[in-house]
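[1] Whatever this is, show me its structure:
(one chain, ligands or ions: 1)
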Amino acid sequence: MVCPNCGRVLNRRDIHERTVETMIGEITLRRPYFYCENCKKGFHPLDDALILSDTVKQWDMQEAGASVAAELPYNKAQEIFEELTGLSMSDHAMHDIVGDLCEARAHTTRRGEGER
Ligand SMILES: [Zn+2]
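    Residues are numbered from 1 along each chain as shown. The predicted model follows:
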């Protein structure tokens with residue numbers, strides 16, 4: 001790959017494993033890791049290609065959690081979420097997700113308006 005900062009050609013440095021949680025369960029990915037000596041920065045290009053969230057819980061789980069949490073208090077939302085999906089999500093995680101998604105949506109809306 002080419003470094004997105006300085007444009008140097010980078011060789012694969014390593015293979016890194018990462019486990020993410022999705023609505024279809026846990027998935028362990030083995031993806032190539034690149035490091036730019038010039039920028040002192042590491043990259044996992046597959047994460048971007050797959051549009052992975054930086055957090056363990058992926059967007060589908062975040063959306064599902066947020067939908068439930070929008071209607072119910074966090075502790076109840078957590079209970080229902082676990083019942084329906086068999087996956088765990090703490091009420092703290094739910095709280096964070098709702099906050100993050102609201103922020104992301106507000107950002108998208110603002111950007112969309114600017115383009116018009
Ligand atoms: Zn670079």
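[2] most centrally placed residue in this structure?
    Centroid-nearest residue in the chain, with CA atoms, centre = their mean: Ser53, separated by 1.2 Å.
[3] Which secondary structure state is assigned to that residue?
    Per DSSP: H, G, I helix; E, B strand; the rest coil, the local secondary structure of Ser53 is coil.
[4] Check the burial of the closest residue to it other than its chain neighbours by counting its neighbours.
    Spatial nearest neighbour of Ser53, chain neighbours left out: Trp59 (5.6 Å); criterion: CB to CB, 6 or more residues apart in numbering. (Each C-beta comes from the backbone N, C-alpha and C, glycine too.) Using other CB atoms under 10 Å, Trp59 has 16 neighbouring residues.
[5] Kindly report the same for the one 10 residues further on.
    Burial of Ala69, expressed as a neighbour count using other CB under 10 Å, amounts to 23.
[6] Is the closest residue to it other than its chain neighbours within a helix or a strand, and which one?
    Once flanking residues are discounted, Ala69 sits nearest to Ala77: 4.2 Å by CB to CB, 6+ apart. According to DSSP states H and E, Ala77 maps onto helix 74-85.
[7] which helices and strands sit right next to that helix?
    With contacts defined as 3 or more CB pairs under 8 Å, 6 or more residues apart in numbering; DSSP states H and E, the packing partners of helix 74-85 are helix 59-71, helix 91-115.
[8] Adding distance to the ion and mean pLDDT, write those helices out as a markdown table.
    Converted to a markdown table, the helices and strands packed on helix 74-85 look like this (distance: least, CB to the ion, whole Å; pLDDT from 0 to 100):
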| stretch | distance to the ion | mean pLDDT |
| --- | --- | --- |
| helix 59-71 | 28 | 91 |
| helix 91-115 | 27 | 71 |
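[9] Looking at those, spot the one closest to Arg31.
    Nearest to Arg31 among those is helix 59-71 (17.5 Å), distances taken as CB to CB.
[10] Contacts for that closest one, please.
    For helix 59-71, the external contacting residues (CB atoms under 8 Å, 6 or more residues apart in numbering) are 21-23, 51, 53, 55, 57, 77, 80-81, 84-85, 87, 89, 93-95, 97-98, 100-101.
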